[in-house]
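# Below are the sequence and a predicted model; questions follow.
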Amino acid sequence: MALPLPPEGRGLRAITLMKIDESLNLVLPVTDTLNCYHSPISREVFELNYLSLAATKSAIESKGLHYQMGSGPKVAALTLLDEAKKDAVENGNVDENDIPDISMATALLAEIKRLTTILVPGENGFAVTPVSAALSSGAIDKEDWSEVESALVFFTCHYVMAKKRDREKMASATASLLMGSMTPLSATDYADYSATLTKEEDIVQE
């Protein structure tokens with residue numbers, strides 16, 4: 001059974017007994033049975049990468065709404081790298097072999113990966129598992145992560161570029177487009193909460 005996405009209007013009493021983070025966090029489906037949990041990048045990381053994030057968002061939007069909504073989440077990570085290459089070439093940031101320096105973009109992708117965990121089901125509920133460990137164990141494969149990584153870049157571009165007053169609404173709308181949802185719970189509390197929901201649903205089905 002797949003880990004349930006955060007249900008609206010359910011379990012409010014349980015939520016109040018758990019740790020609530022200052023910011024909302026994103027939960028996305030990875031496979032039919034796995035979800036990932038992602039915390040948005042910090043203000044400091046945004047300030048280091050705002051040019052590439054803005055350029056990525058603009059490049060996707062420039063191709064029209066149909067492309068943005070349909071292909072955007074699938075190609076956002078590749079677009080980020082393409083924009084980083086263009087910027088490096090334009091600014092002369094290339095090595096002796098004319099290879100563009102895209103270290104800032106790859107560092108951003110590494111940070112997005114660090115801020116993401118895979119919720120892996122087990123005998124004792126759901127284990128909050130780093131992406132690298134989930135890949136090593138075979139819980140997910142490289143293609144699974146590539147798709148999720150791109151969706152997270154798409155989410156990040158829209159979330160961080162929104163005005164503060166609109167950020168929560170933008171986060172929820174973008175999460176919905178990605179078939180995900182937002183949660184105020186920490187990763188551990190969300191996994192525990194979801195395990196409880198899964199047990200309740202199993203009992204009902206019996």
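Yes, it's here.
# what's near enough to touch the residue nearest in space to the middle of the chain?
With distances taken as CA atoms, centre = their mean, the residue of the chain nearest its centroid is residue 152 (3.3 Å). Contact analysis of residue 152 by CB atoms under 8 Å, 6 or more residues apart in numbering lists 26, 28, 38, 112, 116. In short, each C-beta sits where N, CA and C put it, glycine included.
# ok, now how distant is the second one from residue 123?
This points to residue 28. Distance, residue 28 to residue 123, by CB to CB, to the nearest Å: 24 Å.
# Same question for residue 44.
For residue 44, the distance to residue 123 (CB to CB) stands at 39 Å.
# rewinding a little: residue 28 and residue 123: who's more crowded?
Neighbour totals were compared for residue 28 and residue 123, and residue 28 leads with 22 against 5 (other CB atoms under 10 Å).
# Contacts for the host helix or strand of residue 68 next, please.
Assigned by DSSP states H and E, residue 68 belongs to helix 65-70. Helix 65-70 has contacts (CB under 8 Å, 6+ apart) with 60, 61, 177.
# State the next helix or strand along the chain beyond that helix.
Next helix or strand after helix 65-70 toward the C-terminus (DSSP H and E): helix 72-90.
# pLDDT of that next one, averaged?
Average pLDDT, helix 72-90: 97.
# Give me the local confidence score for residue 143.
97.
# and the gap between it and residue 25?
24 Å.
# Those two: which is more packed in?
The residue with more neighbours, out of residue 143 and residue 25, is residue 25; 21 against 8, by other CB under 10 Å.
# The more buried one belongs to a strand?
Yes: the assignment for residue 25 by DSSP: H, G, I helix; E, B strand; the rest coil puts it in a strand.
# Report the helix or strand with the lowest average pLDDT across this structure.
helix 12-16 (a mean of 35; mean pLDDT, DSSP states H and E).
# Where do the helices of the protein begin and end?
Secondary structure of the chain (DSSP state H): helices located at 12-16, 43-61, 65-70, 72-90, 103-114, 131-137, 142-161, 167-177, 187-205.
# So which of those helices is the most surrounded?
Comparing the helices of the chain by mean neighbour count (mean count of other CB atoms under 10 Å), helix 142-161 comes out on top with a mean of 21.
# what's the angle between that one and helix 103-114?
With axes from the mean of the first three to the mean of the last three CA atoms, to 10 degrees as the basis, helix 142-161 and helix 103-114 are set at 100 degrees to each other.
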